[in-house]
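Undergrad: here you go, sequence then predicted model.
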Amino acid sequence: MLVGDDGLWIVDHEVAVAGRPVFDLAFLAAHLTLKAVERERRFLLDAAMTFWTTYREAWPESGVTGEELGDHVAALMLARVDGVSKVHYLSERQEGLVRELARDQVAGDGTIEELWQRVRVLNGPAAGEHA
């Protein structure tokens with residue numbers, strides 16, 4: 001959903017929901033996180049982190065926590081590798097990594113930031129990143 005001086009636009013009608021905002025946040029964050037599993041796309045984690053930081057600063061009253069967002073992102077990541085609406089850009093090995101990341105997230109008390117940090121260390125640093 002985009003909001004501006006000229007009005008409101010629903011960008012993706014298929015997944016727009018009314019209610020707690022965590023699902024909408026998680027849907028975007030899961031998409032960026034899955035894409036970032038590929039080494040050359042790690043910069044997308046920076047975009048996700050910037051979005052999350054800006055969101056919390058702009059609307060702290062939403063009540064969405066890093067732990068809650070992390071769990072929702074993990075669930076959506078699993079749905080996208082093992083569910084009906086699978087992503088087709090991950091290798092089998094990467095799908096296995098996603099399963100492991102998501103399981104660890106749901107089993108623990110981690111935050112979305114910790115999940116993103118685990119994605120960052122997959123396969124070592126990306127080109128241009130430092131270990």
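TA: Yep, that arrived. Numbering: from 1, shown residues only.
Undergrad: check which residues of stretch 92-99 are buried.
TA: Gln94, Glu95, Leu97, Val98 (16 or more other Cβ atoms under 10 Å). For every residue, glycine as well, the C-beta is placed using N, CA and C.
Undergrad: who's in contact with stretch 98-117?
TA: Residues lying outside stretch 98-117 but in contact with it, judged by Cβ atoms under 8 Å, 6 or more residues apart in numbering, are 29, 33-34, 36-37, 45, 48-49, 52, 65-67, 69-71, 73-75, 77-78, 80-82, 90, 118-119.
Undergrad: what is the burial count for the nearest residue to Leu28 once chain neighbours are set aside?
TA: Nearest residue to Leu28, sequence neighbours excluded (Cβ to Cβ, 6 or more residues apart in numbering): Phe51, at 6.8 Å. By the measure other Cβ atoms under 10 Å, the count of residues near Phe51 is 14.
Undergrad: what lines up beside the lowest-mean-pLDDT helix or strand in the chain in the sheet?
TA: Lowest by mean pLDDT, DSSP states H and E among the helices and strands of the chain is strand 2-4, with a mean of 76. Note on strand 2-4: by DSSP bridges, its sheet partners are strand 7-9 (antiparallel).
Undergrad: for whatever helix or strand comes next after the partner strand, packing partners?
TA: Toward the C-terminus, strand 7-9 is succeeded by helix 22-36 as the next helix or strand (DSSP states H and E). Counting contacts by 3 or more Cβ pairs under 8 Å, 6 or more residues apart in numbering; DSSP states H and E, helix 22-36 is packed against helix 43-58, helix 66-82, helix 112-120.
Undergrad: got a list of contacts for helix 22-36?
TA: For helix 22-36, contacts defined as Cβ under 8 Å, 6+ apart pick out 1, 15-17, 41-45, 47-48, 51-52, 55, 64, 68-69, 72-73, 75-77, 80, 87, 89-90, 98, 112, 115-116, 119.
Undergrad: ok and that helix relative to helix 43-58, angle-wise?
TA: 160 degrees (axes from the mean of the first three to the mean of the last three Cα atoms, to 10 degrees).
Undergrad: send the alpha carbons of helix 22-36 over as PDB?
TA: Provided in PDB are the C-alpha atoms of helix 22-36 (Å, rounded to 0.1, in the frame of the first residue of the first chain):
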ATOM      1  CA  VAL A  22       2.600  -7.600  10.700                       C
ATOM      2  CA  PHE A  23       1.400  -9.700   7.700                       C
ATOM      3  CA  ASP A  24       2.000  -6.900   5.200                       C
ATOM      4  CA  LEU A  25       5.400  -6.100   6.700                       C
ATOM      5  CA  ALA A  26       6.300  -9.800   6.700                       C
ATOM      6  CA  PHE A  27       5.200 -10.300   3.100                       C
ATOM      7  CA  LEU A  28       7.600  -7.600   1.900                       C
ATOM      8  CA  ALA A  29      10.400  -8.700   4.300                       C
ATOM      9  CA  ALA A  30      10.100 -12.400   3.300                       C
ATOM     10  CA  HIS A  31      10.300 -11.500  -0.400                       C
ATOM     11  CA  LEU A  32      13.500  -9.400   0.100                       C
ATOM     12  CA  THR A  33      15.000 -12.000   2.400                       C
ATOM     13  CA  LEU A  34      14.400 -14.900   0.000                       C
ATOM     14  CA  LYS A  35      15.900 -12.900  -2.800                       C
ATOM     15  CA  ALA A  36      18.900 -12.100  -0.500                       C
END
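Undergrad: right, I'll call it a day here.
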